[in-house]
Structures are given as C-alpha cells and as structure tokens.
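> Just need the structure, nothing else, for what follows:
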Amino acid sequence: MKRRMINSLLGVVLVVVAVFCVPLALIEKQSIVSAANDRVDAEAVRVLGLVESRLAAGEPVTGEKFAAQVTEGSFVLVDIPGQPLIAAGRPVKGPTLSAAEVGASGETVTVMQSREEVDHEIGNMLLLLGVVALLAVQAAVALAVWQAKRLARPLTDLAETAERLGSGDPRPRDRRYGVPELDRIAEVLDASAERIARMLTAERRLAADASHQLRTPLTALSMRLEEITALAEEPATVREEAAIGLQQVERLTDVVQRLLTNQRDRSSPTAVSFPLDEVVKQQVEEWGPPLRDSGRRLVIEGIRGAHVTGTPGTVAQVLATLIENSLMHGAGTITLRVRRSGSSIVAEVQDEGPGVPAELGNRVFERAVSGRNSTGIGLAVARDLAEADGGRLELLSLQPPVFALFVGRSRTTG
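Numbering: from 1, shown residues only. Below you'll find the predicted structure:
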C-alpha cells in the first residue's frame, strides 16, 4: 500500500510539473528571444538616427566615427547609396540576431549581435526550472512517504487489534487516529472487544456458578444412592429413598436450567403459587443425613401452610445454599423459621455459630468474598437466583447469623 500511495502521489506531481514547467519554459524562452530582438532593433534605430543626423549636417559617415558609439558586442553595417559599405565593431561569429532599418534617403543600417548570450540566458532559465521541478518531486516523495506511513500505521494497529480479538484477548485499545473512516473501524473493533469480554465473563461465571451449585445436589444424591445400596433388603425403604433420589435429579436438572436461564436473560420466568411447606419438607429430608453425620440438627419453626409466588426449584436452591452455608461455617442447631412480613413470606436460616465477621457484613454476597476459606460464590449465586425469581436475599443479623429469603406471598395464604 505504501508503494502504491508513493507511486500515485509521485505520478500526480510529475504530471503537474510537466503541465506547469513545459509551457512556462516555452513562454520564458520566447520572452528572452523577444527581448533580445527588441534590443537589436533599438540599436539599429539608434545607429540610423546617427547616420541621418550626420548626413543632414553634411558630415562624412565613416566606420571610425561609429566605432566608439557602437554597443559592445554589436556589429554594424551602414549602406549609403553612392558610398562604400561602412562597417563598425567586431564581426560576430556563429548564430546571430540581426535587425535592419532603412532611412528616408535610402541608407540602410544593419545591426548584428551574437546569440550566445541569449542561449546562455535560456540555459540558465531551463536549469532553474529543472531545479524547481526536482525539488518539487523530492518534496512530493517525502510527503508521500510520510502520508503513507501515517495511514499505514493505523491500519497495522487495527490489524493487530483484530488479531488479538481472534486469539482471545478482548481488551479494547481505545486508540483514535484523526481519520474518520479509520476511527469508525477502531470504534467498531473496541465495541466488539467489549461484547466479547462480556460474553467470556458470562461464560466463566456460568462455569463457576454451575460447578458450585451442582455440588450440593450431587452430594445429596450420592448419599441417597449409598443409603439405597445399604438398605437393599428393605423394599419400602428403597422405594422411599429412590423417590427422594429422583427428586434430587429433578432438582439438579432445575438448577442447570435455572443457571442457563440466568445467563441468557435476567428476567423472571412465569411465577406460580406453591406451598412453602413442601420446599421446607424437601430440605429436611435432603439435609437430614449430612446433619446427623455431623452431630447437628435442623429445626423448623414459624407458620405453616404459607403459599408463596415464585419458582419452587429456585426457592429450594436458595434455602439449600443457606443450610449448606450454616453446615459448613456455622455450629449448633440450624433453625429454619417461616414468618410473614407485609406482602412477603420470609424464610430465615439461623445457626449458633460465631456468625459473620463485622468487617464483611453484606459483602458476603459479593463474589470471591469469603470469611472462612470458601469459594465466595454460593451466597452470590443464591442472591442472584432470588432476585431473578422476584424475591430478595438479605443478611438480617451478624451474630447470631440470620439470613432471610423474602418471597412474594400468594393470595391463597391465610
């Protein structure tokens, strides 16, 4: 591209120089020759005047008389009828310029000058035009090289930006070059980089959320399967445990679907009215074995028969996250308390542990924020799930730790 730009600009300059210099040289040459001819004509008129004045005064006309009055470099011939040809000055060799004037008495004066001075002046004029043309071409080449570099550098940067985007580096460069077309391309690439960065962040977030949120259902399902294996000789118990295992599979499927839905669209799905007691019962059945293994228990308090509006799987997932959080970081009895609060039903999860450090506070809902060597994802995902379902998750008390899930109360609730 650089070579094409240089050749194009150089070609334009050469055409301009040719169009400008050739006519100028012809005009200037004609002007120099015309000026020289005018000087010769003026010299002939002057000498003729001298001859006529002498003839009128009756004085003889001789070459000696004119020798001192002839301009240097001129050769004069005076032809007077009835007299010998008179010559004055040094004869001219080579090409000449000549002019002849005829007087009233028939006398003729011829003046000749060498053309060498005129040719020298023309040569100097052509040399000056050549130097000017050469300087113009050099300036054009320098300008073309500078302009080519100025335009090629942004294109190189844009190519590097596009290459970085293709290699997975979506950082925008925010560079502008003062050329509207190139700046527009840079803006489009930067906007594409930002979109790609958001997409990559969403994908990484989905992977982190899925790996964290699927851990609890998979662990519970594994426990159920172990219990089924251990109680293989009791068909009724096996059927009961298998049914619970199927519920775990359904919940696992719902978790995956919910995570994917949250990544694609933050809007809440169609809410349904359902009894909260069923979700609470599910949590008791799910967390009974791991709590017994750790020597702890889950106590249910508060109102019964509350109907809420939302998604059962989402409410179950949020409560499971809170119970798991109490199991991992808390101590003593875990209390799941259901109460009314205005137009909402509140499900509180509380334990007897040391609570949330004061320096954390509500920051426990931020990603990568953890007080006790956890991933810092669970509570953040739980809050996102609650908000996407039309509810909210809050920390009501640091010590003892009380987390509360606010869910819309159904009109069928008494």
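> Residue 395 reaches residue 362, doesn't it?
Yes. With contact taken as CB atoms under 8 Å, residue 395 and residue 362 are classed as touching, separated by 5.6 Å. Placement of C-beta: from N, CA and C, glycine included.
> Compare those two (neighbour count), which wins?
Set residue 395 next to residue 362 and count neighbours by other CB atoms under 10 Å: residue 395 wins out with 19 against 12.
> Angles on the backbone of that one, please.
Recorded main-chain torsions at residue 395 are phi -100, psi 110, according to degrees, to the nearest 10.
> Any idea what it is bridged to?
residue 403 (DSSP bridges).
> how near is it to residue 7?
Distance from residue 395 to residue 7, counting by CB to CB, to the nearest Å: 72 Å.
> Likewise for residue 377?
With distances defined as CB to CB, the gap from residue 377 to residue 7 amounts to 61 Å.
> Identify the residues contacting stretch 326-341?
Under the contact criterion CB atoms under 8 Å, 6 or more residues apart in numbering, stretch 326-341 has outside partners 276, 280, 283, 287, 290-291, 294, 296-304, 306, 319, 323, 345-354, 371-372, 374, 401, 406, 409.
> Oh, that last question was meant for stretch 351-368, not what I typed.
326, 329-335, 369-371, 375-377, 379-380, 383, 393-395, 397-401.
> Only whichever of those residues are buried, select them in ChimeraX.
Only the buried members of those enter the following ChimeraX selection, criterion being 16 or more other CB atoms under 10 Å:
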select :326,329,330,334,335,370,376,377,379,380,383,393,395,398,401
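> Which of the contacts of stretch 351-368 fall within strands?
With strands defined by DSSP state E, the entries of those inside them are 334-335, 393-395, 397.
> Just give me the closest of those to residue 67.
Closest to residue 67 out of the ones in strands among the contacts of stretch 351-368 is residue 393 (125.2 Å), distances taken as CB to CB.
> That closest one: what's it in contact with?
318, 365, 379, 382-383, 386-387, 403-406.
> out of the residues you listed, which is most surrounded?
Using other CB under 10 Å as the neighbour definition, the contacts of residue 393 reach their maximum at residue 405, which records 29 neighbours.
> Check it and give its pLDDT.
Note on residue 405: pLDDT of 95.
> which helix of this protein spans the most residues?
helix 2-57 (DSSP state H).
> got the domain boundaries for the protein?
Per the record, the chain has its domains at 2-137, 266-409, by automatic domain parsing.
> looking at those, which is closest to residue 149?
Once CB to CB is applied to the domains of the chain, the stretch that comes out nearest is domain 2-137, at 7.2 Å.
> could you give me the average pLDDT of that closest one?
Over the span of domain 2-137, the pLDDT mean works out to 84.
> Low-confidence regions, the stretch 101-250 of the chain specifically.
Across the stretch 101-250 of the chain, residues meeting the criterion (pLDDT under 70) sit at 167-170, 173, 200, 202-234, 236-250.
> now do the stretch 251-400 of the chain
Along the stretch 251-400 of the chain, segments meeting pLDDT under 70 span 251-270, 368-376.
> could you redo the last one with a cut-off of 80?
Counting by pLDDT under 80, the low-confidence segments of the stretch 251-400 of the chain come to 251-271, 361-362, 367-378.
> of the contacts of stretch 326-341, buried ones?
For the contacts of stretch 326-341, burial is judged from neighbour counts taken by 16+ other CB under 10 Å, and it is met by 276, 280, 283, 287, 290-291, 296, 298, 302, 306, 319, 323, 345-351, 353, 401, 406, 409.
> Please flag which of these sit within helices.
Secondary structure defined by DSSP H assigns 276, 280, 283, 287, 290-291, 319, 323 of the buried ones among the contacts of stretch 326-341 to helices.
> packing partners for the longest helix of the chain?
Helix 2-57 is packed against helix 63-67, strand 74-79, strand 96-102, strand 108-114, helix 116-166, with contacts defined by 3 or more CB pairs under 8 Å, 6 or more residues apart in numbering; DSSP states H and E.
> rerun at 6 Å
If contacts are counted by 3 or more CB pairs under 6 Å, 6 or more residues apart in numbering; DSSP states H and E, helix 2-57 sits against strand 74-79, strand 96-102, strand 108-114, helix 116-166.
> quick one: which of the ones you listed is nearest residue 26?
For residue 26, the closest of the helices and strands packed on helix 2-57 is helix 116-166, at 10.6 Å, according to CB to CB.
> distance of residue 290 from residue 317?
From residue 290 across to residue 317, the span is 16 Å (CB to CB).
> just residue 49 next, same as before
Relative to residue 317, residue 49 is positioned 125 Å away (criterion: CB to CB).
> Those two: who's more crowded?
Legend: neighbour count by other CB under 10 Å for residue 49 and residue 317, higher for residue 317 (25 against 13).
> before we move on, the earlier item: mind putting the contacts of residue 393 in CSV, distance to residue 147 included?
CSV is the format used below for these (distance: CB to CB, whole Å):
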residue, distance to residue 147
318, 63
365, 57
379, 59
382, 60
383, 57
386, 60
387, 56
403, 66
404, 68
405, 66
406, 66
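> Any idea which residue is closest to the centre of this structure?
Most central residue of the chain, judged by C-alpha distance to the mean C-alpha position with CA atoms, centre = their mean, is residue 186 at 2.9 Å.
> element containing it, please.
Taking DSSP states H and E as the criterion, residue 186 maps to helix 180-213.
> ok, residue 354 to residue 329 distance?
9 Å.
> Just send the domains of the chain back as CSV, with distance to residue 163 too.
Conversion of these to CSV gives the following (distance: least, CB to CB, whole Å):
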stretch, distance to residue 163
domain 2-137, 20
domain 266-409, 31
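> one step back: now the helices and strands packed on helix 2-57 in a markdown table, with distance to residue 341?
As requested, those are arranged in a markdown table below (distance: least, CB to CB, whole Å):
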| stretch | distance to residue 341 |
| --- | --- |
| strand 74-79 | 125 |
| strand 96-102 | 119 |
| strand 108-114 | 120 |
| helix 116-166 | 49 |
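> Thanks again, I'm all set now.
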